[in-house]
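> Structure here, sequence nowhere to be found:
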């Protein structure tokens, strides 16, 4: 349940909407538990949460106030970069991390949350988001780069 709410919260960037999305997803999961057929529960549930978010967004018709617009960085994160998330957590500023994550554009934010917060594998993320694993890795690298820039850990790319 925590993972469902967490993903909904980061996708919707609205606590009340996230509660509704997570609740709707959990109800759908309960009603369709037979569809699981012995697979992994967490990726299956997060796929339902993701779909519930997109349903909510379509119904919302753009009325939701979201975080500031963010430019998409087109460069990969160098392997020697330290994790921006680790740097902020060491400083104890989780609120700043949450705000920074919320400014990352949606497909990148989604990859970041699923991998770094929910600790899913690249394969599981690819299945949830219905994109190739290479796209997942690219989105994750870009998301980490954007997050690092927003937190002031990495220099912006010119």
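Yep, that arrived. Everything quoted here is computed from the prediction, not taken from an experiment. Residues are numbered from 1 along each chain as shown.

> Relative to residue 148, how far out is the residue nearest the centre of the chain?
Nearest residue to the geometric centre of the chain (CA atoms, centre = their mean): residue 110, 2.5 Å. To residue 148, residue 110 is 18 Å away according to CB to CB, to the nearest Å. Using the backbone N, CA and C atoms, a C-beta is placed for each residue, glycine as well.

> which residues touch the strand or helix carrying the residue nearest to the centre of the chain?
Per DSSP states H and E: residue 110 is located in helix 106-112. With contact meaning CB atoms under 8 Å, 6 or more residues apart in numbering, helix 106-112 is reached by 7, 10-11, 50, 72, 101-102, 104, 125, 129, 136, 139-140, 142-144, 146-147.

> May I see the buried residues of it?
Residues of helix 106-112 classed as buried by neighbour count (16 or more other CB atoms under 10 Å): 107, 108, 109, 110, 111, 112.

> could I get those residues as TSV with pLDDT and distance to residue 28?
Conversion of the buried residues of helix 106-112 to TSV gives the following (pLDDT from 0 to 100; distance: CB to CB, whole Å):
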residue	pLDDT	distance to residue 28
107	94	22
108	96	26
109	94	22
110	95	19
111	95	23
112	95	24
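
> could those go into TSV alongside distance to residue 42?
Converted to TSV, these look like this (distance: CB to CB, whole Å):
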residue	distance to residue 42
107	20
108	21
109	19
110	15
111	16
112	17
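
> Go through those and name the one nearest residue 29.
residue 110 (18.6 Å; CB to CB).

> what residue ranges in this structure score low on pLDDT?
61-92, 158 (pLDDT under 70).

> ok, which stretches of it are helices?
2-12, 15-31, 41-60, 84-91, 94-103, 106-112, 122-129, 133-151 (DSSP state H).

> nearest to residue 157, of these?
helix 133-151 (7.6 Å).
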